[in-house]
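Chemist: here's my sequence, what's the structure:
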Amino acid sequence: MEEMKMNEETMVTSMTKAATLAAEVGDKLNPEAVAQVLKAIEIVNCADEEEPQGLFQVGGVEVLPRQTVNIIAAQKKSGKTNFAGLLLATCASSQHQLFDGIVRCTQDSTKVLVADTEQPHKDVRRTLRRAMKMAGFDYEEQWSAHDIHVLSFKDIDGTEEKEVLVEGQKVKMRVQRILLEEAVRRIQPDLLIIDGIADLLLSINDETEARELMRFLDRLACEYNCAVIGMLHLNYGSGKIGGWAGTQANKKFTDCFLLKKKNGYFEVSHEGRGAEAPKLRFRIVCPPGDKFGWWEYVPDNDILVTTESMKRQELVTMLEGAPLPCKNAVLVHWIMSKDHHPSQSTADRLLRQCKEQGILQSHKEGRCSIWNWAKEEDAEEAEMDFED
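Modeler: Below is the predicted model of the structure:
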């Protein structure tokens, strides 16, 4: 283990030295400096180098090695933050594993830094509470006691810039990134999770800015010898990561976890430069009286549900975030505004199905029909699924 750590430190030192030398070349093209840079980046032979060990195993496949940039991607409210919470719980657990070892850490101690850029504090705490319950310790305990550090960057101005010294050169950098790097420098995490990286950009469609961000994340991973995970949204319809940020992330990532929300559970697919991990399925279990709940593994045989129950679950999922109770015209318009933009006749048919399945009920107030949930548990399930 010590030898592996020394190899990793040597690699980081070499890469940092090469970057510093390259910066010194500048516009002068000093022949001596150029020669040093070329020597520092030369691959001298084909001898095997020891690959950095993945920090986790998913289904027996190692993922998330040090000195890499990785992605968790999904459409909005499809489980990205919940999957990150699973990784946190795995690190904090005394057994360093979840779901009977299907997700496990490869080392006894994994220090994690979470930088949240988009969610309200109450939503961050909700995910952390689930992770605490899965890890088996009290809500009142401080995360830092378990090598988990969580910072919220949501209210920090993303446009303000300061001049800082990077690799021997003065550059302008946004305050968000300065604070993030300082946190990484002080905490020295094994794993850095950024939820989400689009908020470190002024525009995800700016190619130059996206390239600079990916270089920044790559530098953090190499210089501080950690694995970096960035969370990004997938475009509706195409299923691809949006904007130039997505294009650059696709070029850089070592491991990418794609999440989909299906019939009451989240499905995690893996793409990577190495072996492909098997699909992982989990769901949120939230019994009456428990506002936060926990995560539960979903085995393959549990997803073989009847067609009728699938229809019902799909209808409940469709109604996530619906403005109930409300007038018929309001609910029809809300359904028509959904991502697949159904017609009015389709919206009317879906409402009839919801009534037949006992999900919604309606009553008259004057000339208007008012829709509301028929069962309180359906309302609670839709509200729970509406979380990320």
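Chemist: Trp371 contacts Leu351, correct?
Modeler: Yes - counting by CB atoms under 8 Å, Trp371 touches Leu351, with 7.1 Å between them. Any C-beta I mention is one placed from the backbone N, CA and C, and that applies to glycine too.
Chemist: joint contacts of those two?
Modeler: Listed as contacting both Trp371 and Leu351 by CB atoms under 8 Å, 6 or more residues apart in numbering are 328, 331, 360.
Chemist: okay, the second one: pLDDT?
Modeler: At Leu331 the predicted local confidence, pLDDT, stands at 91.
Chemist: residue contacts, it?
Modeler: Neighbours of Leu331 in contact, by CB under 8 Å, 6+ apart: 322-324, 347, 351, 371.
Chemist: may I have the beta-bridge partners of the nearest residue to His121 once chain neighbours are set aside?
Modeler: With sequence-adjacent residues excluded and distances taken as CB to CB, 6 or more residues apart in numbering, His121 is closest to Ser152, at 6.1 Å. Note on Ser152: beta-bridge partners Asp116, judged by DSSP bridges.
Chemist: surely Ser152 is in contact with Asp116?
Modeler: Yes - counting by CB under 8 Å, Asp116 is a contact partner of Ser152 at 5.1 Å.
Chemist: what about those two, which has more around it?
Modeler: Set Ser152 next to Asp116 and count neighbours by other CB atoms under 10 Å: Asp116 wins out with 23 against 15.
Chemist: start and end of stretch 251-267, how far apart?
Modeler: For stretch 251-267, the first-to-last residue distance is 24 Å (CA to CA, to the nearest Å).
Chemist: list the buried residues for it?
Modeler: For stretch 251-267, the buried set under the neighbour-count rule, 16 or more other CB atoms under 10 Å, comprises 252-267.
Chemist: ok, now stretch 321-328?
Modeler: Neighbour counts using 16+ other CB under 10 Å place 322, 324-326 of stretch 321-328 among the buried residues.
Chemist: give the contact list for His96.
Modeler: When contacts are counted by CB under 8 Å, 6+ apart, His96 touches 90, 104-105, 107-108, 110.
Chemist: quick check, nearest of those residues to Lys291?
Modeler: Of all the contacts of His96, the one with the least separation from Lys291 (CB to CB) is Thr90, at 22.9 Å.
Chemist: what's the burial count for the closest one?
Modeler: Thr90 has 26 neighbouring residues, counting by other CB under 10 Å.
Chemist: let's see the helix or strand hosting it as PDB, backbone CA atoms only.
Modeler: Element membership for Thr90 (DSSP states H and E) is helix 80-92. Presented in PDB, the C-alpha positions along helix 80-92 are these (Å, rounded to 0.1, in the frame of the first residue of the first chain):
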ATOM      1  CA  LYS A  80     -28.100  12.000  -9.000                       C
ATOM      2  CA  THR A  81     -27.900  13.300  -5.500                       C
ATOM      3  CA  ASN A  82     -29.300  10.100  -4.000                       C
ATOM      4  CA  PHE A  83     -26.600   8.000  -5.800                       C
ATOM      5  CA  ALA A  84     -23.900  10.400  -4.400                       C
ATOM      6  CA  GLY A  85     -25.500  10.000  -1.000                       C
ATOM      7  CA  LEU A  86     -25.100   6.200  -1.400                       C
ATOM      8  CA  LEU A  87     -21.400   6.700  -2.000                       C
ATOM      9  CA  LEU A  88     -21.200   8.900   1.100                       C
ATOM     10  CA  ALA A  89     -23.000   6.300   3.200                       C
ATOM     11  CA  THR A  90     -20.600   3.600   2.000                       C
ATOM     12  CA  CYS A  91     -17.600   5.600   3.000                       C
ATOM     13  CA  ALA A  92     -19.000   6.400   6.500                       C
END
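Chemist: follow-up on the earlier one: shared neighbours of Ser152 and Asp116, anything?
Modeler: Common neighbours of Ser152 and Asp116 (criterion: CB under 8 Å, 6+ apart): Val124.
Chemist: give me the lowest-pLDDT entry from the buried residues of stretch 251-267.
Modeler: Asn263 (73).
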